[in-house]
Each structure stands twice: as structure tokens, then as C-alpha cells.
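A.B. asks: here is a sequence with its predicted model. Questions after.
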Amino acid sequence: KKYFDELVHSDKIVVFMKGVPEQPMCGFSNAVVQILRMHGVDNYTFHNVLDDQHIRQGIKTYSDWPTIPQVYMKGEFVGGCDILLQMHREGDLIDKLNEIGVRSALLD
Amino acid sequence: MGLTETSIHNKLSERLKPIHLDVINESNMHNVPKGSETHFKVIIVSDLFNGKSLLQRHRMVNELLAEELSGSVHALSIQAKTSQQWEDSNHHITKSPPCLGGSGK
């Protein structure tokens, strides 16, 4: 648990996904990458669960969340693809990013 | 309807008393064998979601489907609305993103 505590706090934004941001291997993971990119967020820590079964299984237990992708902001679990998408459409993502000290590109 | 699909439908129906429930097997959109029950999309409208954050709503659904999720289901797309939100959005359903190959297994 301590291992994951450190992982999720290691950066403002930590994304557990399938593949990497330059090449996601899953439509849902890709959606998360694209949404973050739209807000000008390109610099975040990501973990490719396809490369690490320990993380792939462990993060599901740690978050008590059954699927990938998973997005953490300031150590807090925010949600997966559906939640990010809805937050984005309702303008809540801009607020959330602001909360963690990140200015969304969509404000400019 | 497959066994898993039926099970999901029944559990959600019974416990969340939805005014609208769609359980869609989207496995055919993904890189898995024909006839799979691995990727589902659930559209659920229930007033039990009133006052609950998105995360809370999704956790409610996840919990009810814990068995399926520890079984064959490894992707679950959830759109959880209250009856007010459902009406306001004109019954709009968001399309699922296209598959990008996955782990290829």
C-alpha cells in the first residue's frame, strides 16, 4: 500500500493507463490522454499497466476501482475515462486542474 | 442476451430501481473473441443518484457488479444520471471511444 501511496503522490497528475501517451493501447486510455492534452496538460507521470502486472493488479486493489485508466490528482483518485469526459464537458475539469495549481489551456 | 449481460441488468434493476437502464455488450468493438462478454456500457438513470458525485455513483455500480468485474468483465463504461439530468440532456448517450488494440490477448 505504501508503494502505491508514493506512486500516486509522486506528481500532481498521475495516470495509470494501457500503453503510453504517445501511443495508447486502449480507446479509453486514449480518451483520457486526449482530454488532458486539450487542457494543455502534457507533462504528467504515467504508468503503462501493460508493462507491469504488479501495478496493473495492485492499483485496482489500492483504488478499489476495477478498471484502467485511472487518474489521480494530488494523490486523490478522480476517476476513469467516463468521469474525466463528463468533468471535461461540464467545465469541472478546468476547476479541478485549477485546484491543483494547473491552469487549463482552455482558459486562454 | 448473454449470461453476464442478464446478470448485470438484473442486479442494477433490482438495487438501483432505475427509470432507464441500458446494458450494452460492446465486446464486439474490441480486440476479443466473438461472443465475449468483456466490455460493457451501462446507461443508468436513477434518483438514487441524487446528491451523489460521479465517483460515488460509479462506485455504487461497481460494487453491485463486483462479481462480474472480478470475472470476465474488464471494461465497464458507466453513464449514471438522475432523472433530471436525463431529461435535461434529452436522453443523450455518449459514444464509446474506438478500440486501440489493447493488450492483444
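C.D. replies: All right, it came through fine. Numbers count the residues shown, from 1 in each chain, chains lettered A, B, ... in the order given.
A.B. asks: CA atoms for contacts and neighbours, from now on please.
C.D. replies: Noted.
A.B. asks: where's A:Val71, which helix or strand?
C.D. replies: Take DSSP states H and E as the rule and A:Val71 turns out to sit in strand A:70-73.
A.B. asks: run me through the strand neighbours of that strand, direction for each.
C.D. replies: The pairing partners recorded for strand A:70-73 under DSSP bridges are strand A:13-17 (antiparallel), strand A:76-79 (antiparallel).
A.B. asks: tell me which residue is most central in the chain.
C.D. replies: Going with chain A. A:Val71 (2.5 Å; Cα atoms, centre = their mean).
A.B. asks: I was after chain B.
C.D. replies: Centre-nearest of chain B using Cα atoms, centre = their mean is B:Val42, 2.3 Å out.
A.B. asks: right, and that one touches B:Leu21 too?
C.D. replies: Yes: B:Val42 lies in contact with B:Leu21 (Cα atoms under 8 Å); the separation is 7.2 Å.
A.B. asks: before we move on, back to that, tell me the confidence at the residue nearest to the centre of chain A?
C.D. replies: Looking at A:Val71, its pLDDT is 98.
A.B. asks: that one pairs with what?
C.D. replies: A:Val15, A:Gly79.
A.B. asks: against A:Asp82, how distant is it?
C.D. replies: Using Cα to Cα, to the nearest Å, one gets 11 Å for the distance from A:Val71 to A:Asp82.
A.B. asks: same question for A:Tyr44.
C.D. replies: With Cα to Cα as the criterion, A:Tyr44 and A:Asp82 are 20 Å apart.
A.B. asks: again, but for A:Lys12
C.D. replies: 20 Å.
A.B. asks: list the contacts for the residue nearest to the centre of chain A?
C.D. replies: Neighbouring residues of A:Val71 by Cα atoms under 8 Å, 6 or more residues apart in numbering or on different chains: A:13-16, A:77-80.
A.B. asks: and which of those is nearest chain B?
C.D. replies: A:Gly79 (6.5 Å; Cα to the nearest Cα).
A.B. asks: so who does the closest one touch?
C.D. replies: Here A:Gly79 is in contact with A:70-72, B:55 (Cα under 8 Å, 6+ apart).
A.B. asks: next: A:Val8.
C.D. replies: A:14, A:72-76.
A.B. asks: which SSE is B:Thr4 in?
C.D. replies: Short version: B:Thr4 belongs to helix B:3-16, going by DSSP H and E.
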